[in-house]
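Asks: Model the following, please.
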Amino acid sequence: MATWQSMNYDQPIPDVSKDFTITCPKGTDIYDKPPNTHRFDAPVIYTSTTASKFKSATITISADWTFKYDQGGICLILNLKNGTRRWIKAGIEFLEDTPLISVVTKDRWADWSLRPLPDPKLRSARIQVKNAGDGNLWVYVVGADGKKHPVREVTWWGELDADTEVLVGPAAAKPSTEGGDLVVSFKDLELDVA
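Replies: The predicted structure follows:
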């Protein structure tokens with residue numbers, strides 16, 4: 001049974017075996033951009049494992065997405081032995097008045113990819129991050145029919161040491177300083193850390 005902790009979150013850790021929410025203050029983000037933007041102040045609820053033991057994390061995300069860059073999803077934080085940190089966040093992000101499937105990965109710097117939700121009428125999505133076992137990590141969006149649609153391949157996963165610490169769990173961010181807090185709803189968390 002996983003032990004759950006939090007960072008950048010001053011509320012009680014919810015029972016993640018049921019439907020739960022993360023309330024995210026405005027002005028928070030997880031992002032790195034040259035020449036000197038390093039942001040890691042958004043709330044994350046996580047459990048700890050290693051790169052070799054992480055198999056997959058799957059969750060359904062929804063919110064009243066309102067402001068530019070409102071976001072929620074799964075976050076993997078990789079604490080490397082040399083003291084550096086890489087991360088992957090996958091979920092929904094709000095851009096151009098539309099909730100989109102978003103994946104941001106940070107090796108040296110962050111890069112970002114977007115795709116439409118499987119059903120544009122909905123404001124929710126089911127996301128899976130999966131270790132393919134061949135050195136690659138894949139991000140999928142899961143359709144209502146259960147079919148997995150590939151969104152992103154993370155090839156640098158294969159260069160991680162097997163015992164690299166991986167913190168994995170739900171996260172939310174609200175880079176905008178407009179409006180109030182962002183409340184992101186999560187359900188049906190499935191975590192496989194063999």
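
Asks: Can you give me the pLDDT of the residue most central in space within the chain?
Replies: Centroid check for the chain by C-alpha atoms, centre = their mean gives Ile74 as the closest residue, at 2.6 Å. Model confidence at Ile74, expressed as pLDDT, equals 98.

Asks: how close does it sit to Tyr46?
Replies: Distance, Ile74 to Tyr46, using C-beta to C-beta, to the nearest Å: 10 Å. The C-beta positions use only the backbone N, C-alpha and C, and glycine is treated the same way.

Asks: ok, now Trp109?
Replies: From Trp109 to Tyr46 the distance is 22 Å (C-beta to C-beta).

Asks: and what of Lys18?
Replies: 18 Å.

Asks: Neighbour count: those two, which is higher?
Replies: Remark: of Lys18 and Tyr46, Tyr46 carries more neighbours, 22 against 10, as counted by other C-beta atoms under 10 Å.

Asks: and the helix or strand hosting that one, C-alpha only, in CSV?
Replies: In this assignment (DSSP states H and E), Tyr46 forms part of strand 44-50. Taking C-alpha atoms only, strand 44-50 is exported to CSV below (Å, rounded to 0.1, in the frame of the first residue of the first chain):
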residue,chain,number,x,y,z
VAL,A,44,1.7,17.7,-5.8
ILE,A,45,0.5,14.7,-3.9
TYR,A,46,2.9,11.8,-4.4
THR,A,47,4.2,8.4,-3.4
SER,A,48,7.8,7.3,-3.9
THR,A,49,9.1,4.5,-6.0
THR,A,50,12.0,3.9,-8.4
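
Asks: what are the pairing partners of it, and which direction each?
Replies: Here strand 44-50 has these sheet partners by DSSP bridges: strand 5-7 (antiparallel), strand 165-173 (antiparallel).

Asks: how close does Arg86 sit to Pro118?
Replies: 28 Å.

Asks: in this structure, which ranges drop under the pLDDT threshold?
Replies: In the predicted model of the chain, residues 1 satisfy pLDDT under 70.

Asks: One more pass at 90, please.
Replies: 1-2, 118-122, 144, 194 (pLDDT under 90).

Asks: returning to that earlier point: who touches both of Ile74 and Tyr46?
Replies: 168-169 (C-beta atoms under 8 Å, 6 or more residues apart in numbering).

Asks: tell me which element the residue nearest to the centre of the chain falls in.
Replies: Counting by DSSP H and E, Ile74 is found in strand 71-79.

Asks: partners of the next helix or strand along the chain from that strand in the sheet?
Replies: Next helix or strand after strand 71-79 toward the C-terminus (DSSP H and E): strand 85-95. Next to strand 85-95 in the sheet, as set by DSSP bridges, lie strand 71-79 (antiparallel), strand 98-106 (antiparallel).

Asks: Would you mark the buried spots in the first one?
Replies: Right, strand 71-79. 71-78 (16 or more other C-beta atoms under 10 Å).

Asks: again, but for the last one
Replies: Buried residues in strand 98-106, counting neighbours by 16+ other C-beta under 10 Å, are found at 99-106.
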